[in-house]
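**Q** when you get a sec, could you give me coordinates for this:
(one chain, ligands or ions: 1)
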Amino acid sequence: MTGPIGVFDSGLGGLTVAGELMRRLPNEKIVYFADSAHVPYGERPLHEIEEFALGITQFLLGCGAKVVIMACNMSSAVALDAARAAFPQVPILGMIEPGSRAAVSNGGSVVGVLATTGTVKSGAYSRTILALDPRIKVIEQPCPAFVPLVESGMTDSEEAEIAARSCVGPLISGGADTLVLGCTHYPFLRPMIERAAPEATIVDPAEETVRALAKILKDTSAEASENKPGEHRFFTSGDAEGFARLGSRLLGREIPRVEHAQWGRDLSLPEQMRTNKG
Ligand code: DGL
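**A** Next comes the predicted model:
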C-alpha cells in the first residue's frame, strides 16, 4: 500500500513515536500533525480532547493515511474508541494499550506512570494494566511541568532536572520498579528521569506501539511497497517555523518543511479541511 502512516500529537511529543517509526519502518511515509495551537492538552477538558482527536484523524485520512497512530496518550485515553467508531475504514492505534503491555511484560510488581493531568484523571493506564495483571500495583503521577519544558526547548535545563526529581520522587517512594513514560513528550526528558530513578526500568510505549503497527501492516499486507526511504510531511496548527526548528533538534534529523493546517470540526463536512502552504 502506498498511503502514509498518519501520526498526531498536541505538539512535539509525537516526534518520539515518529522517530521510532523512522528507525523501525524506514520505507514507510509519515504524515505528522502537531496541534501546536492547542498545546498543552494536559489541563484541557476531556471532551475537548476528543473533539480535537476526531478532527485531526479526519484530516490525516484526507491526506490518504492508511493507518493512524494517536501519538498522544491523552487522546488515546479519551478518544480512541470514538475515533475507531467514526473511522472504521482504517486501523487506529493508541499508546495506552501497547504501553501497558510493555510495562506488564517487564515483570515488576509496582508500575509508576508519569503522565499529564488529563491522562491521570482518565485512569486509563491503571485500568489497562490491572486488566492485564490485577496483582500489579499502579501509581499514577501527573507531571504538568514536563510538556511546557519540551515545547520551549528546555530539555537540558536545570528546571527539567528539578521537575524530573519532583515527579519521579513519589513513585520511587511508593516502591515503583517500572516507570512508564505515559506522555509522548517525556522521552525527550529521559536522561533526567533515569537520573532520578537509576534502579527503575523505563518503558517508552512508542516501542511497543510501533511493533504493534508493524504487525498490523504485515498481517494486512499494507507494508510500503517501494524499497526506498519514505518521504514525510509535517503539519502544524501553530507556528510552522518554530516547529521545524525545534522539531529538527529533538528528532535528530532535519525537518525541511512544515505546512500550516487547520481542520473542519464538522465531521459531516470533510471538504471543510483546508491546508495553507507556508
Ligand atoms: N504528548 C501528549 C501525550 O502523550 C499530550 C501532551 C500535552 O499536550 O499535554 O499525552
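
**Q** now C143, nearest residue through space, not along the chain?
**A** Excluding its sequence neighbours, the residue lying closest to C143 (C-beta to C-beta, 6 or more residues apart in numbering) is C167, at 4.1 Å. The C-beta positions use only the backbone N, C-alpha and C, and glycine is treated the same way.

**Q** next up, the contacts around the one you found.
**A** L114, Q141, P142, C143, A145, F146, A196 (C-beta atoms under 8 Å, 6 or more residues apart in numbering).

**Q** tell me which of these is nearest to the ligand?
**A** F146 (8.3 Å; C-beta to the nearest ligand atom).

**Q** what's the most distant pair in the contacts of C167?
**A** P142 and A196 (15.8 Å; C-beta to C-beta).

**Q** what does the stretch 1-150 of the chain put close to the ligand?
**A** With the criterion set to C-beta under 6 Å from any ligand atom, the stretch 1-150 of the chain comes near the ligand through 9-10, 13, 39-42, 72-74, 116, 119, 147.

**Q** the same query, at a cut-off of 8 Å, please.
**A** With C-beta under 8 Å from any ligand atom as the criterion, the stretch 1-150 of the chain meets the ligand at residues 9-11, 13-14, 38-44, 71-77, 95, 115-116, 118-119, 147.

**Q** give the buried subset of those residues as a ChimeraX selection command.
**A** The buried subset of those, as determined by 16 or more other C-beta atoms under 10 Å, is captured in ChimeraX by this line:
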select :9,10,11,13,14,38,39,40,41,42,44,71,72,73,74,75,76,77,95,115,116,118,119,147
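
**Q** so which of the residues of the stretch 1-150 of the chain next to the ligand are in strands?
**A** Secondary structure from DSSP state E places D9, A115 of these in strands.

**Q** need the helices for the stretch 101-250 of the chain, in chain order.
**A** For the stretch 101-250 of the chain, the helices defined by DSSP state H, counting those that start in this stretch cover 117-122, 124-132, 146-151, 158-173, 190-196, 205-219, 240-251.

**Q** out of those helices, which gets nearest to G230?
**A** helix 205-219 (12.3 Å).

**Q** give the rounded mean pLDDT of the closest one.
**A** The average pLDDT within helix 205-219 is 97.
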